[in-house]
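Peer 1: Coordinates for the following, if possible.
(one chain, ligands or ions: 1)
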Amino acid sequence: MKESNLNPFISKIENSVSERTIIKLTISNRNCKENKLLKVFVKLIEIKHGVKLSFVYRYATNDITKNFGVQKGINIIVNLLNDFSNAILFTCNEDTELIISKKGFELKQSAPKFQETPSLKHDHQKTGLIDIENNVYLRELGVTTSEWKIKKDMHDKFRQINKFIEIFDSLINEANLPPKIYVADMGSGKGYLTFAVYDFLINKTKYTPFVTGIEYRKELVDSCNVIAQKANFSNLTFKSGSIGTTQTDNIDVLIALHACDTATDDAIFKGIIAKSGLIICAPCCHKQIRKQFNVNNEFTSFLKHGILEERQAELITDAIRALLMEAHGYKTKVFEFISNEHTAKNIMIVGKKTDGIINRDEILEKIKAIKDFYGIKEHYLEKLLQNR
Ligand SMILES: C[S@@+](CC[C@H](N)C(=O)[O-])C[C@H]1O[C@@H](n2cnc3c(N)ncnc32)[C@H](O)[C@@H]1O
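Peer 2: Numbers count the residues shown, from 1 in each chain. Down below sits the predicted model:
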């Protein structure tokens, strides 16, 4: 059935939402290969703030979830359909495929693939990568109750853990890692992600993992070691110490999540000198560069605003980190790893070691140009690499 506009399809979505028969809507086949967004999945959920349309935006390495009120969500769907040429609305009664081409809009109806009436409850507990039932460390870390239910105030934390493991899964699949895999988690804190990494590697992959968490705070190290024993995680250990001085000869995967300020640089440095196959970091506060900003050019006019100066300092700090990793043979990518409704600290820098030829001087020149522009005298990671 050829249509001259989108209205019939949008009406079907609206009806399925109001009648609660919608199971999901998938939007795919991007029109432009440069569009980094690959697919979008939409479903109806009920959360504390009412009924929402929940959007999962799928990118090559991560998913970002955002919830919108129904009307706003419908408007977003209409806009998305400018950039994609296929959408399928799955409902309990029928499925409707929308095919968009230069000739117009075509709707194809078919019998429903899923017939079960959807529950609107937000399914916090569903995850394929981290099991909840009988998972000792989740209980000991206070994420679950003794009945293996996610605690009320721990849903965000659990979602963050899962999101990280999803990304970790795709990153290790892309990297060339040995069967015995040595992982160092720098600034492991309470160990949520360190435990999850070990759990995932030992239970869901072919690797034999040896995971070490490095953490300043001895009380956290001690409690994590006790939990590792209770969980029977024999190759997971936590060591008390500073990232900068810790001995690290053998690292295949270096992780540093929210290690404060220059601790992220210390961690990346350790990864680079150990020739770690994969470096995964999510920087935290960025103070070192901001203090040095001395801008006497056209950027002065906006850097007078504190928040813009702060954001700019974050960008420059992380941009130079990524360039330094590239200068040392890493292919890098920088992306948002979790929706910023959960945390503002959501930028991830990933470096994958490659054997490709690099023109280090050219990259160092680029770094120098950035530093000169902002009047930066010293980037901490650059200094570590120069002084080694
Ligand atoms: C914000 S917490 C993050 C914990 C964990 N990585 C996560 O993302 O859940 C940062 C941790 O890094 C530790 N830390 C910061 N700088 C460090 C350093 N130079 N050496 C060792 N630990 C450090 C802190 O004590 C803190 O526990």
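Peer 1: how about low-confidence regions in the stretch 51-200 of the chain?
Peer 2: Low-confidence regions of the stretch 51-200 of the chain, defined by pLDDT under 70, span residues 115-128.
Peer 1: Contact distance from the ligand - what residues of it qualify?
Peer 2: G187, S188, G189, Y192, L193 (C-beta under 6 Å from any ligand atom). (C-beta placed from N, C-alpha, C; glycine too.)
Peer 1: for Q288, phi and psi?
Peer 2: phi -60, psi -40 (degrees, to the nearest 10).
Peer 1: What of E97?
Peer 2: phi -100, psi 130.
Peer 1: Which residue, other than its chain neighbours, is closest to it?
Peer 2: Of all residues not flanking E97 in the chain, K108 sits nearest, at 4.4 Å (C-beta to C-beta, 6 or more residues apart in numbering).
Peer 1: what do you get for T208?
Peer 2: Nearest non-adjacent residue to T208 (C-beta to C-beta, 6+ apart): K180, at 4.9 Å.
Peer 1: That neighbour and Y207 touch, don't they?
Peer 2: Yes: counting by C-beta atoms under 8 Å, K180 touches Y207, with 7.4 Å between them.
Peer 1: How is the chain divided into domains?
Peer 2: 2-110, 136-387 (automatic domain parsing).
Peer 1: what separates the longest one from the chain centre, distance-wise?
Peer 2: In terms of C-alpha atoms, centre = their mean, to the nearest Å, the centre of domain 136-387 is set 11 Å apart from its chain centre.
Peer 1: so how far is the first residue of that domain from its last?
Peer 2: 44 Å (C-alpha to C-alpha, to the nearest Å).
Peer 1: The stretch 251-388 of the chain against the ligand: which residues are in contact?
Peer 2: Residues of the stretch 251-388 of the chain lying near the ligand (C-beta under 6 Å from any ligand atom): L257, H258, A259, C260, A263, D266, C284.
Peer 1: Now, these that are in helices?
Peer 2: A263, D266 (DSSP state H).
Peer 1: circling back to that earlier point, now do the SS call for the residue nearest to E97.
Peer 2: What DSSP: H, G, I helix; E, B strand; the rest coil gives for K108 is strand.
Peer 1: Tell me where the stretch 151-300 of the chain has helices.
Peer 2: 155-174, 192-204, 218-230, 263-273, 300-303 (DSSP state H, counting those that start in this stretch).
Peer 1: ok, now how distant is the residue lying closest to L80 once chain neighbours are set aside from the ligand?
Peer 2: The spatial neighbour of L80 that comes closest, neighbours along the chain excluded (C-beta to C-beta, 6+ apart), is I27 at 5.4 Å. Using C-beta to the nearest ligand atom, to the nearest Å, I27 is found at 32 Å from the ligand.
Peer 1: Walking through the stretch 251-388 of the chain, point out its strands one by one.
Peer 2: 253-257, 278-282, 330-336, 347-353 (DSSP state E, counting those that start in this stretch).
Peer 1: repeat for the stretch 51-200 of the chain
Peer 2: Using DSSP E, counting those that start in this stretch, strands in the stretch 51-200 of the chain cover 63-68, 84-91, 95-101, 104-110, 180-186.
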